[in-house]
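S.K.: mind looking at a prediction? Sequence and model below.
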Amino acid sequence: MNRLRIAEIFGPTIQGEGAVIGVPTVFVRAGGCDYRCSWCDSLHAVDSKFRHDWKPMTAADIFAEIEHLSGGVPLALSLSGGNPAIQDFSQLIALGQAKGYRFVMETQGSIAQNWFSELSTLILSPKPPSSGETVDWAKFDDCITQAKQAETVMKIVIFDVADYNWAREVATRYPDLPLYLQPGNHTPPPLEAEDAEDAEINMEGIMNRYEWLIDKTLGDHWYSPTILPQLHVLVWGNKRGV
Ligand SMILES: C[S@@+](CC[C@H](N)C(=O)[O-])C[C@H]1O[C@@H](n2cnc3c(N)ncnc32)[C@H](O)[C@@H]1O
Ligand SMILES: Nc1nc2[nH]cc(C(=O)O)c2c(=O)[nH]1
Ligand code: SF4
Ligand SMILES: [Mg+2]
């Protein structure tokens, strides 16, 4: 079996974001990303200075850890990262599905894989202007095509008015994809911190931004998106592995 670079496996916890919020979930966080968003809250799975901490694991190794964490009771598994689409998760998906686990994946939509069709939910999170990244819409469309019958949804992080206006344009372009708007955490764990999870988090600022996003969206009579904060951040702040 080929080996996958895994930054962390943790849970069960609740899915803290978007379409399946609140659902008991084990997370598999892949190491490596083709983007580097200015406000990324998971740089320990992105920055190559952490690559020595990414464990090479076979699908069987990963699934053994999942079974251990979940007591062998099937639940939702979330593939995140980093960008999990860089690597080949098809073997892990086959192993898990055979035992009744279902797979959700978070990706920015920059790399398409044919195994997306084996997922139960594909969460595409195109990056707004504040991220400093630019979306390749042809690649993004490839991801939607590869998902086939898998439920596909969109989650856009919003920091400011420019992001909000951008999200409105994207929503017009993809009217059939359910859309989740998520206020940004402007105090993500810093790269430099030895113990990143102890880093200061501005909860009041996050809640103010959430309130602003609700007021703005509803004030514009824009009623199609679901507007949700990062629930795990409200409960645990910047703590890692939850
Ligand atoms: C860490 S990313 C990993 C998966 C994939 N690379 C992606 O971006 O979709 C998981 C989710 O967290 C979101 N995210 C990252 N940093 C954030 C922040 N500072 N505030 C709010 N959401 C954030 C991303 O936009 C994405 O939807
Ligand atoms: N509880 C919890 N929910 C999450 N939803 C998306 C996450 C991610 O970092 O991909 C995440 C995470 O790290 N923890
Ligand atoms: S695409 Fe995702 S993991 Fe990569 S830098 Fe952006 S938020 Fe972080
Ligand atoms: Mg996260």
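M.R.: Cool, the structure landed. Ligands and ions are numbered 1, 2, ... in the order given.
S.K.: the longest strand along the chain close to ligand 2?
M.R.: In the chain, assigned by DSSP state E, the strand with the most residues is strand 4-14. Yes: interface with ligand 2: strand 4-14 contributes T13, I14 (C-beta under 6 Å from any ligand atom). Just so you know, the C-beta spots here come from the backbone N, C-alpha and C atoms, and that holds for glycine as well.
S.K.: and that strand, what's buried?
M.R.: Residues of strand 4-14 classed as buried: L4, R5, I6, A7, E8, I9, G11, P12, T13, I14 (neighbour count, 16 or more other C-beta atoms under 10 Å).
S.K.: what residues does this structure have near ligand 2?
M.R.: So far as C-beta under 6 Å from any ligand atom goes, the chain lies against ligand 2 at T13, I14, Q15, G16, E17, F27, S42, S80, E106, H232, V242.
S.K.: geometric centre of this protein: which residue is closest?
M.R.: Taking C-alpha atoms, centre = their mean, the centroid of the chain lies closest to E106, which sits 3.8 Å from it.
S.K.: get me the contact residues on this structure for ligand 1.
M.R.: 33, 39-42, 80-81, 83, 106-108, 125, 155, 157, 182, 184-185, 188, 230.
S.K.: in helices only, show me the residues you listed.
M.R.: Among the residues of the chain next to ligand 1, no residue falls in helices (DSSP state H).
S.K.: filter these down to the ones near ligand 3?
M.R.: When contact is defined as C-beta under 6 Å from any ligand atom, the residues of the chain next to ligand 1 meet ligand 3 at C33, C40, S42, G81, N83, Q108.
S.K.: would you turn the residues you listed into TSV with pLDDT?
M.R.: TSV is the format used below for those (pLDDT from 0 to 100):
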residue	pLDDT
C33	98
C40	98
S42	98
G81	98
N83	98
Q108	99
